[in-house]
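*Asks:* return atomic coordinates for the entry below.
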Amino acid sequence: MSAKAASGYTELVELGHVPGVESPYVLAHVDPIEKEAERPSDETAKGVEVRIFPGLMLNQDPELWDIVDRFRCGVTKDLTHQEFDELSAWQIEAWLVMRGANNREELREMKRPRSEDG
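*Replies:* Numbers count the residues shown, from 1 in each chain. Okay, here's the model as predicted:
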């Protein structure tokens, strides 16, 4: 939800739009992992809890922009040897997390029933 929906600081916090402050509410769940044995212990079957507005998270970590853009734009998801050498360990870890989440979402998409009219 847009920050414009808030009428004051408290509502900005509740919507996850204040840097460095998590919303007291779960705003969404993303990337559920079905198999409990494969799921991190701090996650539920619903997925990762989102308590910060995603755009705000990107503004706080500009290093993530290239990684996120790669997945948003549908460009190749593989790292070249040059990229591997040039990216920081943190960026490579972020890429690995995004790659795993993207693969799981593609599997979920294949399992979703298709409507007859396409």
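*Asks:* and the longest helix that the chain contains, what's buried?
*Replies:* The residue-count maximum for a helix in the chain (DSSP state H) belongs to helix 89-111. For helix 89-111, the neighbour count (16 or more other C-beta atoms under 10 Å) marks 91, 94, 95, 98, 99, 101, 104 as buried. C-beta: built from backbone N, CA, C; applies to glycine.
*Asks:* check contacts around the second one.
*Replies:* The one in question is residue 94. Counting by C-beta atoms under 8 Å, 6 or more residues apart in numbering, residue 94 touches 63, 64, 67.
*Asks:* show me where this protein has its helices.
*Replies:* All helices of the chain, identified by DSSP H, fall at 9-14, 54-60, 64-72, 81-86, 89-111.
*Asks:* not counting its own residues, what contacts the third one?
*Replies:* To tie it back to what came earlier, the one meant is helix 64-72. 57, 58, 76, 77, 91, 94, 95, 98, 102.
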